[in-house]
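Asker: Have a look at this prediction, sequence included:
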Amino acid sequence: MEKNIILAVSEEDYVQALNKYKGHSFNEPFLREYENEVLIHSTTKENYEQIKKDGCLKSWNLQNSQNICKENEPIGALLGDPIELRDYILFGSGTTGEVVVNSKQKGQIQMDKNTEYTVGARLYFDMKKIAEDGLLVRDGGEIKVKSILPLEPYMLWAATWDSVGLNCEISTPKIFAQRADRYFKENIMKTYEYEHFY
C-alpha cells in the first residue's frame with residue numbers, strides 16, 4: 001500500500017537516516033543485529049484452539065473472511081491501529097501480547113499488567129527462520145507476517161498456564177509472561193543456538 005509520508009526533520013538527519021538504511025529493506029531475509037531471534041504472539045485460550053486446529057496463525061482479516069472472528073473489529077482499533085495492520089500477524093515481547101489478550105477479554109484497553117485475566121497461550125517463534133524464508137515484514141513500528149504463518153517449522157514452543165507451573169488459568173499478564181519467558185530460557189532455548197531473546 002502506497003503512503004504519502006511527510007517528514008519534519010533536518011536535512012542532516014534525513015541524510016544520516018538514508019545512509020544508515022542503505023542496503024536494507026523492509027523485508028530483507030535476515031535479522032538485523034538489534035533484532036531478537038525469538039518473538040512472541042499471544043492469543044486467547046479459544047483462539048489457541050483454533051490455531052492448533054488450523055496449524056497456522058492467520059491475520060484478523062483472513063479470520064474474518066473465513067467467519068472465524070467473533071468481534072466486528074480487532075481490539076487494536078481502540079488504539080487507533082491503522083486498518084492495514086488487520087492484514088498482518090503481529091509479534092512482540094515482554095507483556096505486550098498479554099496486555100492485548102487481557103484487553104480483548106475485557107472489551108476495552110487494559111494497560112495494567114497486574115490485573116487478573118484468563119491465561120491463553122504465548123507462542124514463541126523462530127524469527128530468524130521466518131526472515132530467511134522471506135516472510136518477515138518491518139514497518140518501523142511492528143514486526144509482522146502477512147496473512148498466514150504455518151506453525152511448522154516456525155513455532156518453537158507454546159506456553160499455557162499449566163506448562164509454566166501456574167495453579168490455575170487465572171493470572172496476570174506480568175506473572176504469566178515472566179513465568180513463560182523464564183521457562184523458555186531455562187528449558188527450551190538451550191536446544192537452539194539463540195543469542196538474542198531479550
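Answerer: Thanks, I have it.
Asker: in a helix, that's where Gln105 is, yeah?
Answerer: Yes. Checked against DSSP: H, G, I helix; E, B strand; the rest coil, Gln105 lies within a helix.
Asker: list the contacts for it?
Answerer: Thr44, Tyr117, Thr118 (C-beta atoms under 8 Å, 6 or more residues apart in numbering). Glycine gets a C-beta too; all of them are placed from N, C-alpha and C.
Asker: tell me the phi and psi of the nearest residue to the second one once chain neighbours are set aside?
Answerer: In other words, Tyr117. In this structure, Tyr117 finds its nearest non-sequential neighbour in Asn102, 4.1 Å apart by C-beta to C-beta, 6 or more residues apart in numbering. Backbone geometry at Asn102, expressed as degrees, to the nearest 10, gives phi -60, psi -40.
Asker: Could you pull up the residues touching Asn102?
Answerer: Asn102 neighbours (C-beta under 8 Å, 6+ apart): Gln110, Lys113, Thr115, Tyr117, Pro173.
Asker: Once you drop chain neighbours, what's closest to Lys146?
Answerer: In space, Lys146 is closest to Tyr88, 5.6 Å off (C-beta to C-beta, 6+ apart).
Asker: any idea how far the residue nearest to Tyr117 lies from Arg138?
Answerer: 26 Å (C-beta to C-beta, to the nearest Å).
Asker: likewise Glu46?
Answerer: To Arg138, Glu46 is 30 Å away according to C-beta to C-beta.
Asker: Likewise for Gln105?
Answerer: Gln105 is 29 Å from Arg138, by C-beta to C-beta.
Asker: so is the residue nearest the centre of the chain in a helix, a strand, or just coil?
Answerer: Relative to the mean C-alpha position of the chain, the nearest C-alpha, by C-alpha atoms, centre = their mean, is the one of Phe91, at 1.5 Å. The three-state label given to Phe91 by three-state DSSP is strand.
Asker: Got phi/psi on the residue lying closest to it once chain neighbours are set aside?
Answerer: Take Phe91 and drop its neighbours on the chain: the residue closest to it by C-beta to C-beta, 6+ apart is Leu39, 3.9 Å away. When quoted as degrees, to the nearest 10, the phi and psi of Leu39 stand at phi -130, psi 170.
Asker: tally of neighbours for Leu39?
Answerer: 22 (other C-beta atoms under 10 Å).
Asker: Any of the contacts of Asn102 buried? List them.
Answerer: Gln110, Lys113, Tyr117, Pro173 (16 or more other C-beta atoms under 10 Å).
Asker: OK, contacts around the residue nearest to the centre of the chain?
Answerer: Contacts of Phe91 (C-beta under 8 Å, 6+ apart): Leu39, Ile40, His41, Phe125, Met127, Glu142, Ile143, Lys144, Val145.
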